[in-house]
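Chemist: Quick one, what's the 3D model for this:
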Amino acid sequence: MIDLDVVREIALALPDVEETTIHGAPCFKLRGNLLTCQALDKSVEPNTLAVPIDFDQRTKLLAADPNICYVTDHYMNYPTVLVRLSRIDRKSLTDLLGSAWGFVSSGTKASVRKRKAKRKSR
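Modeler: Alright, predicted model coming up:
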């Protein structure tokens, strides 16, 4: 059974990830940017993880197995997929969090470059 302890173990094994909280619930961040957290919106099922991922990959995940991954109206416009922890296996979760790490990391690098460029132009 996948629970938050397993999520913690997988997430913290990734480089530069730290555990913190969001709205009082545990979450994991990569250099200050959200990597994953318990989905807290009232529209989600219990025991659901919110994972940032690009829209194309989300579409593929939803098509591959809608019993594991889903999205609600609340998350539709965000690059996020919702994951039923009760239905995902450890390897799939490890792969998904690895993909999320790459997605968040690439966005983090891009935002750092933008900030540096903005400072130089001043």
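Chemist: Now do the SS call for the residue most central in space within the chain.
Modeler: Nearest residue to the geometric centre of the chain (CA atoms, centre = their mean): V51, 2.3 Å. In three-state terms, and counting by DSSP: H, G, I helix; E, B strand; the rest coil, V51 is strand.
Chemist: Kindly state the beta-bridge partners for it.
Modeler: According to DSSP bridges, the partner residues bridging V51 are V81.
Chemist: On the pLDDT front, check it for me.
Modeler: Confidence at V51, expressed as pLDDT, is 97.
Chemist: residues contacting it?
Modeler: Each residue near V51 by CB atoms under 8 Å, 6 or more residues apart in numbering is listed here: 35-36, 80-83, 96-97, 100. The C-beta positions use only the backbone N, C-alpha and C, and glycine is treated the same way.
Chemist: mind running it again at 6 Å?
Modeler: 36, 81, 83, 96, 100 (CB atoms under 6 Å, 6 or more residues apart in numbering).
Chemist: Ok, P79 next?
Modeler: Contacts of P79 were listed using CB under 6 Å, 6+ apart, and they are 52, 54-55.
Chemist: just the buried members of the residues you listed?
Modeler: If you count burial by 16 or more other CB atoms under 10 Å, the buried members of these come out as 52, 54.
Chemist: Among the contacts of P79, pick out the one closest to V17, please.
Modeler: Ranked by distance to V17 (CB to CB), the contacts of P79 are led by P52 at 12.9 Å.
Chemist: Okay then, goodbye and thanks.
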